[in-house]
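Asker: I would like the atomic coordinates for the input below:
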Amino acid sequence: MQQREKSLLKEIEQRGRVGGVVDRRFGENDASMSLEERMLERFTKERQRASKAFVFNLENEEELTHYGQSLSKLDDFDDILLPVDEDEDEEGQLDHDTVKKVHFGGFGDEPEEEEDEPDRKKSKAEVMAEVIAKSKAHKMRRQMEKEQEENIRHELDQDFDSLRTLLYAPDTSSMDNDTAKLPAAALANDEDTLDYDKQVRELAFDKRAKPKDRTKTEEELALEQKEALEKAEKQRRLRMLGQDEGGSDDEDASGRSRKRPREGDDLDDDFMEEESFGGFGTGLGVELGSHASESDEGEDSGVEDSDEEHSDDESDFDGFGEDNQLSSDEESNSEEEEIIEKRTKRKTRRSSETLEATQELPFTFPAPESHDEFLELVQGLLDYDVPTVVQRIRTLYHHSLGPENKLKLQNLARVLIDHILHIASPPAPRMKLLSDLVPHLFALCRLYPIESAEYFVEKLSLMHKNLKRGLGAGALEPEARTWPGLSELALLRVIGIIWPTSDMRHPVISPARLLMGAYLGLCRVRSFGDVIRGLFLSSLFLQYELLSKRFVPEAINFLVNATLHLAPHIFASAKSLPSPFTCPDLRSSSCESLAIHRSKAKGLRFRKPDLVHLISANPTEQSKIDAFGLALGLLERFADIYKSLDGFIELYEPINLILSGLECGQMSEDVQSRVSSLEDKITRLLKFARQSRKPLLLQAHKPIPIPSYIPKFETTSSSYIRRQDPDRERNEAAKLRYQLKQERKGAIRELRKDAKFIAAVEDKKQVEKDRIYKERMNKAFSSLEGERAEQKAMDREKAREKRRAGCK
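Answerer: Numbers count the residues shown, from 1 in each chain. Have a look, this model is predicted:
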């Protein structure tokens with residue numbers, strides 16, 4: 001209790017109390033200042049504070065001092081620093097110390113000795129002298145810098161002629177022969193005559209720079225492209241009907257006056273003639289000397305992409321090549337004959353283009369809602385015009401031009417998928433057109449990935465239903481459609497181009513990967529076309545897994561089967577093959593015709609296979625050789641991908657045995673070298689894999705001893721069984737928990753005692769407050785009762801006086 005009264009009670013009494021001493025001494029909390037600097041600053045502040053009281057005091061004049069002593073208290077002859085020794089030879093002379101200290105220190109004869117004396121405060125005249133000296137030095141320095149800049153500018157002016165000749169060097173090819181023959185000294189003299197001011201005046205006649213337009217937004221660009229296409233379509237229709245775009249130079253088709261274009265009299269200093277639309281008019285190419293004949297026929301309206309108007313580009317390229325050939329073959333002819341010949345060709349070509357104006361490609365098209373409507377749009381068009389039609393549809397119905405265009409572009413993506421399947425179907429697949437349409441489909445899929453993915457999944461589901469239907473009819477039936485067709489293979493190839501193939505799970509790639517694995521694992525080989533389809537699917541798997549390097553056993557198994565079907569080997573049946581590969585169609589009746597005849601293939605070499613030709617045409621020995629080379633190449637590329645797998649040895653060791661069992665001795669050297677090189681490469685990769693493989697090992701550390709559970713007896717304590725554990729760590733943890741429990745109990749007990757003490761103190765304070773309040777109230781009531789008694793006594797006295805007065 002006494003301890004709480006000393007500590008806790010004082011804390012309670014001082015609770016909420018605000019006060020203390022604040023150290024306001026200058027520099028006390030600044031560690032960067034030394035003790036001398038602190039004392040000096042404090043002394044300065046003290047003097048300043050003391051001097052403030054006498055600033056406006058006019059009665060007390062300022063007292064003059066000398067070395068800290070008042071001049072009024074000094075006698076003139078008390079201490080004039082005369083020599084102490086009066087017996088010196090030279091009487092009446094001042095000593096050296098007196099001259100040094102009183103007579104200005106000997107006028108600076110020994111300035112180095114003054115350093116020992118304490119620093120004194122500078123007077124106002126000295127401070128102003130230093131300020132003036134610094135100002136003069138700064139002014140002199142600025143004058144010197146200005147002179148240096150003037151010298152550098154003068155040197156630059158002197159060397160300007162040489163710089164100008166480098167910047168504006170004349171074209172040597174355009175110089176006249178007479179000028180080229182002039183001596184160099186004469187030219188140098190002419191350039192020297194041009195002074196700087198004249199050259200500056202010449203620069204004023206240079207072409208003015210035009211301000212750049214601001215960067216336009218995507219919506220503004222799309223709107224401009226749409227308006228340009230509509231304007232071009234209107235001009236095309238006018239040209240098709242043989243009508244002019246305007247009735248006169250100053251009036252348009254509706255009779256309203258229009259702005260007259262600037263001519264030669266209207267030229268300004270920065271005049272540049274605006275480029276007009278380079279379309280073909282009704283009279284273009286009729287007159288050779290017209291203005292249109294001098295313009296560049298390769299210019300476009302600036303709206304279409306680089307892949308538009310392929311016919312014009314090809315014709316321009318052919319004409320350009322002929323001109324180059326003529327100029328290279330007939331160097332001896334004059335330049336006028338070449339110009340005449342070129343203009344004659346242009347005239348002939350423009351005449352043909354004028355006759356075919358009615359067949360010009362339109363600039364606007366309606367948005368197709370289905371594939372049939374798209375076929376009607378592109379009916380009669382060439383293949384290289386179809387991408388132009390798609391591009392113009394995308395431009396006219398850009399998603400930023402209207403809310404309904406979003407649905408139209410989504411329908412366009414579905415239409416393009418159907419059209420890709422349409423153009424890739426036999427008997428005449430158009431792969432060039434397919435390649436041109438893929439960029440447009442890719443752009444639409446990036447804009448609307450969810451809708452496009454759903455439509456791709458619908459197509460994959462339909463392909464899977466066809467596969468199940470074909471397998472239900474019989475995997476070996478010739479009429480069963482188990483393997484995918486050419487259009488379906490093209491769709492799988494397009495999926496691999498548009499969507500990311502390295503994702504672990506993808507709404508389009510994952511179903512496509514499963515479908516291709518089902519094709520390779522469930523379909524049986526019945527013809528040479530099935531082998532080609534399987535090889536194409538294996539190449540698609542190689543493309544899909546090139547980055548992720550996921551293992552595809554169906555592709556490896558089919559490549560081994562294709563190698564056994566095509567190449568002669570020593571294996572009699574499927575049972576003799578090394579595991580784990582299975583080949584159910586090995587040496588079957590339907591696959592006997594697939595084998596390569598060694599006698600017929602002696603001089604044949606590997607060539608790049610053509611998918612369309614190999615699937616549609618009858619198999620020949622050359623096509624079998626090409627397919628065999630493709631299978632070997634895919635096995636080699638898969639080996640490069642899977643060489644880092646843990647099971648590479650178990651995977652490619654049987655393949656190496658199969659390659660060693662091939663009988664290619666009577667074939668060409670190209671085939672033999674290819675097979676031997678692949679076998680050597682796989683053997684080398686297997687060797688490296690065996691070297692890098694390490695068996696499983698135990699942990700490389702000191703053996704852990706087996707824990708002993710023998711009880712530990714302590715004879716020094718009578719309670720040795722209590723809270724004792726054979727496990728040392730567990731025993732220590734139990735001790736810590738016990739100590740924590742005891743400490744918690746002690747803390748709770750102390751807190752309860754503190755609370756009880758605080759409650760008692762608060763109760764005492766409240767009792768004291770109540771006592772003081774009661775005393776105060778008692779005093780107030782006693783005073784009131786006294787006053788009330790006095791008032792009643794006065795009232796009684798008044799009543800008594802009234803009665804007395806009434807009686808009288």
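Asker: what about Leu662, neighbour count?
Answerer: The local packing of Leu662 (other Cβ atoms under 10 Å) involves 22 other residues. Heads up, the C-betas are built off the backbone N, CA and C, glycines and all.
Asker: list phi and psi for it.
Answerer: When quoted as degrees, to the nearest 10, the phi and psi of Leu662 stand at phi -80, psi 140.
Asker: how close does it sit to Phe628?
Answerer: When Cβ to Cβ, to the nearest Å is the yardstick, Leu662 and Phe628 sit 10 Å from each other.
Asker: overlap in contacts, the two.
Answerer: Here Leu662 and Phe628 share the contacting residues Thr563, Ala567, scored by Cβ atoms under 8 Å, 6 or more residues apart in numbering.
Asker: tell me the secondary structure for the nearest residue to Ser708 once chain neighbours are set aside?
Answerer: Nearest residue to Ser708 in three dimensions, chain neighbours excluded: Pro726, at 7.3 Å (Cβ to Cβ, 6 or more residues apart in numbering). Reducing the assignment to helix, strand or coil with DSSP: H, G, I helix; E, B strand; the rest coil, the entry for Pro726 is coil.
Asker: likewise Asp503?
Answerer: The three-state assignment at Asp503 reads coil, by three-state DSSP.
Asker: I'd like the distance between the nearest residue to it once chain neighbours are set aside and Trp499.
Answerer: In space, Asp503 comes closest to Ile509 once its chain neighbours are excluded; the distance is 6.2 Å by Cβ to Cβ, 6+ apart. In this structure, Ile509 lies at 5 Å from Trp499, with Cβ to Cβ as the measure.
Asker: again with Asp197
Answerer: To Trp499, Asp197 is 69 Å away according to Cβ to Cβ.
Asker: which of the two has more residues huddled nearby?
Answerer: More neighbours surround Trp499 than the other of Asp197 and Trp499, with 20 against 8 (other Cβ under 10 Å).
Asker: correct me, but that one touches Ser510?
Answerer: No - with contacts counted by Cβ atoms under 8 Å, Trp499 stays clear of Ser510, the gap being 10.1 Å.
Asker: that older thread, which residues touch the residue nearest to Asp503?
Answerer: With contacts taken as Cβ under 8 Å, 6+ apart, Ile509 has the following neighbours: Ile495, Gly496, Trp499, Pro500, Thr501, Asp503, Tyr544.
Asker: okay, those in TSV with secondary structure, pLDDT and distance to Leu412 next?
Answerer: Below are the contacts of Ile509 laid out as TSV (DSSP: H, G, I helix; E, B strand; the rest coil; pLDDT from 0 to 100; distance: Cβ to Cβ, whole Å):
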residue	secondary structure	pLDDT	distance to Leu412
Ile495	helix	94	18
Gly496	helix	92	22
Trp499	coil	92	18
Pro500	coil	90	23
Thr501	coil	90	25
Asp503	coil	88	26
Tyr544	helix	93	27
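Asker: which among the residues you listed end up buried?
Answerer: A residue is treated as buried here by neighbour count (16 or more other Cβ atoms under 10 Å); on that basis the buried members of the contacts of Ile509 are Ile495, Gly496, Trp499, Thr501, Tyr544.
Asker: with adjacent residues omitted, what lies nearest to the fourth one?
Answerer: In this case it means Thr501. In space, not counting the residues next to it along the chain, Thr501 is nearest to Tyr544; the distance is 4.3 Å by Cβ to Cβ, 6+ apart.
Asker: quick one: contacts of the strand or helix carrying Pro654?
Answerer: Counting by DSSP states H and E, the element that carries Pro654 is helix 648-660. Helix 648-660 is touched from outside by 556, 560, 563-564, 569, 571, 577-581, 635, 639, 642, 645, 675, 678-679, 682-683, 685-686, 689-690, 693, with contacts defined as Cβ under 8 Å, 6+ apart.
Asker: what comes up buried for stretch 396-403?
Answerer: Judged by neighbour count using 16+ other Cβ under 10 Å, the buried positions of stretch 396-403 are Leu396, Tyr397, His398, His399.
Asker: from one end of stretch 386-405 to the other, what's the distance?
Answerer: With Cα to Cα, to the nearest Å applied, stretch 386-405 spans 20 Å between its terminal residues.
Asker: helices and strands around the one helix or strand Arg737 maps to, which ones?
Answerer: Secondary structure here is read from DSSP H and E; on that basis Arg737 sits in helix 728-807. For helix 728-807, the packing partners by 3 or more Cβ pairs under 8 Å, 6 or more residues apart in numbering; DSSP states H and E come out as helix 2-6, helix 8-13.
Asker: below-threshold pLDDT in this structure: ranges please.
Answerer: Counting by pLDDT under 70, the chain contains low-confidence residues at 18-20, 51-119, 161, 163-196, 239-359, 711-725, 807-808.
Asker: can you give me the strands for it?
Answerer: Along the chain, the stretches classed as strands by DSSP state E are 65-66, 69-70.
Asker: nearest spatial neighbour of Arg481, skipping sequence neighbours?
Answerer: The spatial neighbour of Arg481 that comes closest, neighbours along the chain excluded (Cβ to Cβ, 6+ apart), is Gly470 at 4.6 Å.
Asker: next one: that neighbour from Ala50, what distance?
Answerer: From Gly470 to Ala50 the distance is 114 Å (Cβ to Cβ).
Asker: which one of those two has more residues nearby?
Answerer: Between Gly470 and Ala50, counted using other Cβ under 10 Å, the more crowded position is Gly470 (18 against 9).
Asker: OK, contacts around that one?
Answerer: Neighbour list for Gly470: Ala480, Arg481, Thr482 [criterion: Cβ under 8 Å, 6+ apart].
Asker: any of these buried? List them.
Answerer: Of the members of the contacts of Gly470, the ones counted as buried by neighbours, 16+ other Cβ under 10 Å, are Ala480, Thr482.
Asker: can you lay out the contacts of Gly470 as JSON lines showing distance to Asp23?
Answerer: What follows is the contacts of Gly470, written out as JSON lines (distance: Cβ to Cβ, whole Å):
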{"residue": "Ala480", "distance to Asp23": "102"}
{"residue": "Arg481", "distance to Asp23": "99"}
{"residue": "Thr482", "distance to Asp23": "97"}
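Asker: let me know the closest of the contacts of Gly470 to Arg392.
Answerer: The shortest gap between Arg392 and any of the contacts of Gly470 belongs to Arg481, at 37.8 Å (Cβ to Cβ).
Asker: for that closest one, what are its contacts?
Answerer: If you count contacts by Cβ under 8 Å, 6+ apart, Arg481 has them with Asn466, Arg469, Gly470.
Asker: Met1: which of these is nearest?
Answerer: Here the nearest of the contacts of Arg481 to Met1, counting by Cβ to Cβ, is Asn466; it sits at 97.2 Å.
Asker: quick check: the closest one vs Lys432, distance?
Answerer: Between Asn466 and Lys432 the computed distance is 27 Å (Cβ to Cβ).
Asker: before we move on, what about Thr395?
Answerer: The separation that Thr395 has from Lys432, given Cβ to Cβ, amounts to 23 Å.
Asker: what about those two, which has more around it?
Answerer: Thr395 (21 against 11).
Asker: who touches Ser616 in this structure?
Answerer: For Ser616, the contacting residues are Pro426, Pro427, by Cβ under 8 Å, 6+ apart.
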